[in-house]
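Engineer: curious how this folds, go ahead:
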Amino acid sequence: MIADLMCYFRMRRPAMRRVLIILATLTLVTLAHWADSPTDTDLRESGNSQTETVAARSFHHPKSPVQNPKWYEIQADMQPAELLEPIPMFTLASQASSPPPDWKNVAVGGGGYVTGIYFHPKQPKLIYLKTDVGGFYRWQPDTQTWLPLTDHFPFAEHHYYGGEALAVDPSDPNTVYIAAGKYTADWWTKPGAIFKSNNQGQTWTKLGLELPMGGNETKRWAGERLAVDPFNSRVLLFGSRQDGLWRSADAGVSWQRAPRFPAQLDAEIGITAILFDPQVAGRLYAAAYGDGVYQSLDAGVSWRKLEGSPPQVNRLAVGQNSRLYASHAVGVSQYDGTWQDITPTAYPAVFNALSINPANAADILVVTGEVVAPQIFRSLNGGATWTEQQRSINNTVPWWSEFMLKNPWIAAIQFDPAVAGRVWFTDWYGIWRTDDINATPSRWTNYQQGHEELVVFSLVSPPEGAPLLSGVADVDGFYHNRGLASYPTRTLGPGDPSYPFQDTYSIAYCESNPLLMARVGGNREQNRYGGATSRDGGRSWTPFPNWFPDGTIPLRVAMSATHSSRFVVTVSGGQPLQTEDGGISWNLVQGLPNSPTGVWYWQQPLAADPVDGDTFYYYDGGRVYRSQDGGKSFAEVNAQLPQSDWVVLKTVPETPGEVWIGLNQQGLYRSRDGGQTFSQIPNVEAYLLAVGNPTERLPTERLPTEPIFPVYVYGKVSGTASSTPNRMEGIFRSLDQGKTWTKLGKTGGAGNFPTVMEASRQQNGTVFIGTNGRGIFYRALQ
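Structural biologist: Coordinates of the predicted model:
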């Protein structure tokens, strides 16, 4: 059947394709028909079941005999709208009769590191999450979903999506604090900050402390660095990575560095944990990584080191009996006047996640840390003996692989203070919960609805096949075959275990036959890179016969509009490559400069002409290059554009020679003659750019008829050049080739370093945005 379809699609002429597309568009009811069914709240998706058996052991203290081995079984049972905001001096011919929906996440299901989970001690089911690059979330028990709390940060503040720390006020369920910032590295110039909410994260106020913070740096799985005094809500302490210990005595309005905290701090990690003892007023602890644990008896004014403490502490916990526990680089320790080694394993090991049952101080959970196959241990006698937990895994996200289930790299584990026997943990990909930790085995289910944390490299929305394909970091990419509101059934593949894709950097399709595709990517951990082709719209993939040579990292791919075996690939730090046989053999492209260096490369300098199969376009350093021999060689055709270190180059469907280039703060430019000349679209800063299907053809001064197509921009737009300081950041659409623009509501989570924008070729008015940690967003417009 696939062969018949392929033959049928090859035989169609462009004119017939346009007619069919128009007819199909007229008969579509709404995007919701294919995007919103089944419902978002259906937790358990259907899918294949898989079972794996793994050995489990029971441990005493290292000096105690080991009990008989046991086994555990892992079972995977696959299972208010906002109006458009017109810019004051801009107009549109018509507006929708009813407000369209705001930006929504494409449902994928997790995919990013959840580094902390937090419970309010007095309000049941009030639970928060911290992630490394996706911001903060709150649990919604009625819908069993996670609500993003920091999606209001725009692109200019995208660094605040890095979760460094979170703290609830034990005395007030409405008050919560976050420390937000992604990086401390020298190349990162934006400091982190602490924010306060008085309404459980609905709104936030920035407080008076800005420091380098590393939500996506080493030891982000340790914690917690921020704490509120349970006896005096006005007292807060924050342990920074590079700038020591900070204290506030006025609920965060002002901060002072603690001058009497004598610890020697690691330059990259600093203070990993601060913990108040809720049983004793004024008593708290701070762990200085590489130095040890310090104690204060006056709410953080003065400190003394607890001699004999483990130096490299990841987490601290204290029970109702005021005993202190520490997980660290070589085990687990307990402090009750003196330190005692209570490591569960008979050998030194890194331990990280740690929790004490709030109803029973002798009931403790610890997890091996910084390892891909963590072990969970439980003690019912305060750490004297330990038993490794048997777990059965109920997986609700169909595409989560066996590797993900076996190798979660757990960050945090916590007893639920409101429900006896309920325990939660977070890992590299999401959130898990068991409702009976006492069962053997305990059954764990992942609760992912609402948590979307993909880092997105590439999006395509071809005229046929799946409504969307995505290329992402860490988990390959997706063929979104179940619409936009249901989880995909699997990653892109290609399903060959010897050819694993950790990342997919770019996807392209053949304009005359969109079911023919190519993609490039690879595995950063193995330093192996390659690509694959598809003949069924991305449903299945055939790898290139060989990996690229060592050191060759493919970045972007563009496919000929008429010859699917012909495509061009840009290469990190080197000359682009060209193939005429679908990746079997490669030629060095002539006439282009070397590409930028590095995997984390978000620009799009390369595109194929949508009609002429011999023509490709490329931008570099203010110059536009064009190939007219199938990408084998390029020649400079324009050197008049501004230089920019950021570029997005797009061609327009069904329109030969039409090229649009977004150069961020340097503006937006349009060419109608294959890049030879460009005109600037006034008053626009185009960071991201997408172009939709032509909707009609109208007479112009230049030609008897020209296509009219929507243009989408993530950037800034103003009405006149003199109002540049008042340009509004946001997502905009123009229906008249850039003469007027409409702002498409608030950016929402798309502000988390938006990386790619793509207009749907199947549903006019729908646009997608990929982010650097909040997954994929879409919006359907009339």
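
Engineer: where in the stretch 401-550 of the chain is pLDDT low?
Structural biologist: The stretch 401-550 of the chain contains residues with pLDDT under 70 at 495-499.

Engineer: need the longest strand for the chain.
Structural biologist: strand 513-523 (DSSP state E).

Engineer: after that strand, which helix or strand is next?
Structural biologist: strand 528-534 (DSSP states H and E).

Engineer: quick one: contacts of that next one?
Structural biologist: Here strand 528-534 makes contact (CB atoms under 8 Å, 6 or more residues apart in numbering) with 493-494, 499, 501, 515-523, 540-544, 546-548, 552-554, 557, 564, 569, 582-583. Where you see a C-beta, it was placed from the backbone N, CA and C, and this is true even at glycine.

Engineer: hmm, try it at 6 Å
Structural biologist: With contact meaning CB atoms under 6 Å, 6 or more residues apart in numbering, strand 528-534 is reached by 494, 517-520, 522, 541-544, 547-548, 553-554, 582-583.

Engineer: how is the protein carved up into domains?
Structural biologist: Following automatic domain parsing, one gets these domains for the chain: 2-37+463-689+719-732, 52-79+111-446.

Engineer: rewinding a little: most neighbours among the contacts of strand 528-534, which one is it?
Structural biologist: Neighbour tally across the contacts of strand 528-534 (other CB atoms under 10 Å): the maximum, 31 neighbours, falls on V520.

Engineer: my guess is that one meets A508, correct?
Structural biologist: No - using CB atoms under 6 Å, V520 is not in contact with A508; the gap is 8.9 Å.

Engineer: so what sits against both of the two?
Structural biologist: V557.

Engineer: what's the neighbour count on G591?
Structural biologist: Neighbours of G591 under the rule other CB under 10 Å: 15.

Engineer: pull the contacting residues for it.
Structural biologist: Contacts of G591 by CB under 6 Å, 6+ apart are 633-635.

Engineer: still on that earlier bit, out of the contacts of strand 528-534, which one sits closest to S254?
Structural biologist: Of all the contacts of strand 528-534, S254 sits closest to I553, with 47.5 Å by CB to CB.

Engineer: any weak-confidence spans in the protein?
Structural biologist: Counting by pLDDT under 70, the chain shows low-confidence ranges at 1-101, 495-499, 701-703, 719-726, 782.

Engineer: for it, which segments count as helices?
Structural biologist: Assigned by DSSP state H, the helices in the chain fall at 2-11, 14-27, 32-35, 402-406.

Engineer: any idea which of the contacts of strand 528-534 is closest to P344?
Structural biologist: Within these, the smallest distance to P344 is 37.7 Å, found for G522 (CB to CB).

Engineer: now the spatially closest residue to that closest one that is not a sequence neighbour: how far from F457?
Structural biologist: Ranked by CB to CB, 6 or more residues apart in numbering and with sequence neighbours excluded, the top spatial neighbour of G522 is Y529, at 3.1 Å. Computed as CB to CB, to the nearest Å, the Y529 to F457 distance reads 13 Å.

Engineer: before we move on, back to that, so how far is the longest strand of the chain off the chain centroid?
Structural biologist: 22 Å (CA atoms, centre = their mean, to the nearest Å).

Engineer: angle of that strand against strand 528-534?
Structural biologist: Counting by axes from the mean of the first three to the mean of the last three CA atoms, to 10 degrees, strand 513-523 lies at 160 degrees to strand 528-534.

Engineer: who does strand 513-523 pair with, and is each partner parallel or antiparallel?
Structural biologist: Applying DSSP bridges, strand 513-523 is found paired with strand 503-510 (antiparallel), strand 528-534 (antiparallel).

Engineer: chain center to the last one, what's the gap?
Structural biologist: Right, the one you point to is strand 528-534. Counting by CA atoms, centre = their mean, strand 528-534 is centred 23 Å from the centre of its parent chain.

Engineer: how much space separates the nearest residue to L781 once chain neighbours are set aside from N105?
Structural biologist: Counting by CB to CB, 6+ apart, the nearest residue to L781 once its immediate chain neighbours are dropped is G765, at 4.1 Å. To N105, G765 is 18 Å away according to CB to CB.

Engineer: between the two, which one's more packed in?
Structural biologist: Taking other CB under 10 Å, G765 and N105 do not tie; N105 has more neighbours (23 against 20).

Engineer: so S302 is in contact with R260, correct?
Structural biologist: Yes - using CB under 6 Å, S302 makes contact with R260 at a distance of 4.9 Å.

Engineer: those two: which is more packed in?
Structural biologist: S302 (15 against 12).

Engineer: who are the contact partners of that one?
Structural biologist: R260.

Engineer: quick check: buried residues in stretch 625-643?
Structural biologist: For stretch 625-643, a neighbour-count test (16 or more other CB atoms under 10 Å) marks 625-628, 630-634, 637-638, 641 as buried.

Engineer: can I get those in a markdown table including distance to D132?
Structural biologist: A markdown table is the format used below for the buried residues of stretch 625-643 (distance: CB to CB, whole Å):
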| residue | distance to D132 |
| --- | --- |
| Y625 | 38 |
| R626 | 41 |
| S627 | 40 |
| Q628 | 46 |
| G630 | 43 |
| G631 | 38 |
| K632 | 43 |
| S633 | 43 |
| F634 | 39 |
| V637 | 43 |
| N638 | 41 |
| L641 | 37 |
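
Engineer: what are the ranges of the strands in the stretch 151-300 of the chain?
Structural biologist: For the stretch 151-300 of the chain, strands defined by DSSP state E, counting those that start in this stretch occupy the ranges 163-169, 172-180, 192-197, 205-211, 226-228, 236-239, 245-248, 256-257, 271-276, 284-288, 292-296.

Engineer: could the ones you listed go into a markdown table alongside distance to T396 and mean neighbour count?
Structural biologist: Below are the strands of the stretch 151-300 of the chain laid out as a markdown table (distance: least, CB to CB, whole Å; neighbours: other CB atoms under 10 Å):
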| stretch | distance to T396 | mean neighbour count |
| --- | --- | --- |
| strand 163-169 | 23 | 27 |
| strand 172-180 | 27 | 21 |
| strand 192-197 | 29 | 22 |
| strand 205-211 | 36 | 17 |
| strand 226-228 | 31 | 24 |
| strand 236-239 | 36 | 28 |
| strand 245-248 | 40 | 22 |
| strand 256-257 | 45 | 12 |
| strand 271-276 | 32 | 25 |
| strand 284-288 | 35 | 26 |
| strand 292-296 | 39 | 22 |
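
Engineer: turn these into a markdown table, including distance to A686.
Structural biologist: Below are the strands of the stretch 151-300 of the chain laid out as a markdown table (distance: least, CB to CB, whole Å):
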| stretch | distance to A686 |
| --- | --- |
| strand 163-169 | 30 |
| strand 172-180 | 27 |
| strand 192-197 | 28 |
| strand 205-211 | 29 |
| strand 226-228 | 38 |
| strand 236-239 | 38 |
| strand 245-248 | 40 |
| strand 256-257 | 43 |
| strand 271-276 | 42 |
| strand 284-288 | 46 |
| strand 292-296 | 51 |
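
Engineer: quick one: closest of these to W146.
Structural biologist: Ranking the strands of the stretch 151-300 of the chain by proximity to W146 (CB to CB) places strand 163-169 first, at 13.3 Å.

Engineer: got a list of contacts for the closest one?
Structural biologist: Outside strand 163-169, the residues touching it (CB under 6 Å, 6+ apart) are 118, 120, 128, 130-131, 136, 175-179, 181, 192, 213, 215, 224-228, 233.

Engineer: please give me every residue in contact with H328.
Structural biologist: With contact taken as CB under 6 Å, 6+ apart, H328 is in contact with 310, 312-314.
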